[in-house]
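Visitor: turn this into a model:
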Amino acid sequence: MKTPKTKPAKNYTDQHAKSGLRTKLPSIETWPNQYKGYEIMIEIPEYTAICPKTSLPDFGTIRINYIPDQTCLELKSLKEYILAYRNLGIFYENAVNRILADLVKACQPASATVTGEFTARGGLSSTIQAMYP
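Guide: So this is what the prediction gives:
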């Protein structure tokens, strides 16, 4: 059985697809972890960004669950990092994966999951989840 060929959605460009991936954002600071074997769960209910295709605002909740290793995320810097998305053109999928990559780079957790639950647009809601390792 042949796999059907897919083609990009009409009027979406590579520029749209890569939007926001290389933009410089505030760094996420860390502090030394004192314990092992526990999970940290962070909920950010006021995530906003801009759709790079339509320039309309996107809204959602970002959930970060991670098991720290040597360091923990410093929450004020995490908040400043997330707030920087407010004026950034980036697709949901890219935002969730970029947040995970930046979190891993900052604190090298034992494991981490970032989930984005985005409000309905055009009658459709999306939930995106990225995991490390």
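
Visitor: state the helix or strand in which the spatially most central residue of the chain lies.
Guide: Centroid check for the chain by C-alpha atoms, centre = their mean gives residue 96 as the closest residue, at 2.4 Å. Under the criterion of DSSP states H and E, residue 96 resides in helix 92-107.

Visitor: and the helix or strand following that helix, which strands flank it?
Guide: Next in sequence after helix 92-107, counting helices and strands by DSSP H and E, comes strand 111-121. Note on strand 111-121: by DSSP bridges, its sheet partners are strand 57-67 (antiparallel), strand 124-132 (antiparallel).

Visitor: that older thread, the helix holding residue 96 packs against which elements?
Guide: strand 57-67, strand 71-73, strand 111-121, strand 124-132 (3 or more C-beta pairs under 8 Å, 6 or more residues apart in numbering; DSSP states H and E). No exception for glycine: its C-beta is placed from N, CA and C like everyone else's.

Visitor: residue 23 against residue 88, yeah?
Guide: Yes: between residue 23 and residue 88 there is a contact under C-beta atoms under 8 Å: 5.9 Å.

Visitor: more crowded one of the two?
Guide: More crowded of residue 23 and residue 88, by other C-beta atoms under 10 Å: residue 88, with 17 against 13.
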